[in-house]
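A.B. asks: Quick one: sequence plus predicted model below, questions after.
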Amino acid sequence: MNFYSQRQIKELAQQLQEFVSSGRDEAITSTEGKLGTRILSETVNRIQSWLESEASEFLWVEGYIFPCDLTPTALRITACMFEAGIPCVYFFDQDTYPSILSPKSGRAQPREETALVCLLYTLIDQLVTLLPTTFTSDTDLGLGEQAFQELNGTMESADLALQVIQALIAHAPNHLVVVIDGVLDLESESATTWPYFEELVDILRRESRREKLFKVLVTTNGMSPFLCEALEEDEREVASNMAVQFRHGRRLQGTNSVDDVSFEV
């Protein structure tokens, strides 16, 4: 039996900071006054049902590539969780990501790889803050000093990052919400990054079956072939017909403000 403290793990995770960026502040700034504050009423209802359900549930909300922007929707969910005091980890796509030279090529890693590493490291950083003050584990896999030392920001560290997430999430609160906006940044024709995101989904699914209440929301501006494979059809909400939110100063019929989404404990 191994004994740990949150303080101990926080100190180990400090070295990840140069690769950690949730993108939330950037998302708030970039979406102010732009499209996306209104979405279809049926989509609002689906999100509200997802929030209020007493069962673990995944939800992918897919919008048009342009001019639909679902980032305000993802931001609203994080705000609801903060207001309700519900633990929430989150990640938003960004214009640029912290990067490092690939040890194989000596060149900067492709955007999709730096985005994946940033996603995984950011979730690690946030999960550490949710750890109990002290806790025990049957294994030190993913929690030892060596594991954190080997998280060097490269694509080669992605497997280890997933091990760390698996170890941390086993000690996460019983009610946890995960919000990921913009996974299209992780996609490429070579599909090198996608198995890692699928494994992340699998980790969340396995943990959600352990008598925990896990809610996972993924939002994309456009269709994701990879998400079609990773998630079930009934976990997908297509938010179409969202091209504009106002026309001649009048609200379009059949839409609601994302601010209508709410959650009370």
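C.D. replies: Received the coordinates, thanks. Everything numeric in this text was worked out from a predicted model, so none of it was measured.
A.B. asks: What is the neighbour count of residue 48?
C.D. replies: 15 (other Cβ atoms under 10 Å). All C-beta spots, glycine's among them, are computed from the backbone N, C-alpha and C.
A.B. asks: any idea how far the longest helix anywhere in the chain is from the chain center?
C.D. replies: Taking DSSP state H as the criterion, the chain has its longest helix at helix 111-129. Put simply, helix 111-129 sits 9 Å off its chain's centre (Cα atoms, centre = their mean, to the nearest Å).
A.B. asks: Excluding covalently adjacent residues, which one is nearest to residue 10?
C.D. replies: Leaving aside its sequence neighbours, residue 10 sits nearest to residue 128 (Cβ to Cβ, 6 or more residues apart in numbering; 5.6 Å).
A.B. asks: Dihedrals phi and psi, residue 96?
C.D. replies: The phi and psi values for residue 96, taken as degrees, to the nearest 10, are phi -140, psi 150.
A.B. asks: cool, and residue 256?
C.D. replies: Dihedral angles of residue 256 (phi, psi; degrees, to the nearest 10) stand at phi -130, psi 160.
A.B. asks: Give me the distance between the closest residue to it other than its chain neighbours and residue 260.
C.D. replies: Sequence neighbours aside, residue 44 is the residue nearest to residue 256 in space, at 4.3 Å (criterion: Cβ to Cβ, 6+ apart). Distance, residue 44 to residue 260, by Cβ to Cβ, to the nearest Å: 6 Å.
A.B. asks: between the two, who's got more neighbours?
C.D. replies: residue 44 (21 against 15).
A.B. asks: Was I right to think the more buried one contacts residue 262?
C.D. replies: No. Look at residue 44 against residue 262 with Cβ atoms under 8 Å: they stay out of range, at 10.3 Å.
A.B. asks: residue contacts, the nearest residue to residue 5 once chain neighbours are set aside?
C.D. replies: Leaving aside its sequence neighbours, residue 5 sits nearest to residue 134 (Cβ to Cβ, 6+ apart; 5.1 Å). Counting by Cβ atoms under 8 Å, 6 or more residues apart in numbering, residue 134 touches 3-6.
A.B. asks: if we go to 10 Å?
C.D. replies: 3-8 (Cβ atoms under 10 Å, 6 or more residues apart in numbering).
A.B. asks: got it, and residue 152?
C.D. replies: 15-16, 19, 100, 103, 117, 160.
A.B. asks: Filter those residues down to the buried ones.
C.D. replies: With neighbours counted by 16 or more other Cβ atoms under 10 Å, the contacts of residue 152 contain buried members at 16, 19, 100, 117, 160.
A.B. asks: Take these and lay them out in a markdown table including secondary structure.
C.D. replies: Conversion of these to a markdown table gives the following (DSSP: H, G, I helix; E, B strand; the rest coil):
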| residue | secondary structure |
| --- | --- |
| 16 | helix |
| 19 | helix |
| 100 | coil |
| 117 | helix |
| 160 | helix |
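A.B. asks: Same list (the residues you listed) but as CSV, adding distance to residue 166 and pLDDT.
C.D. replies: As requested, the buried ones among the contacts of residue 152 are exported to CSV (distance: Cβ to Cβ, whole Å; pLDDT from 0 to 100):
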residue, distance to residue 166, pLDDT
16, 16, 96
19, 19, 95
100, 23, 78
117, 17, 95
160, 11, 96
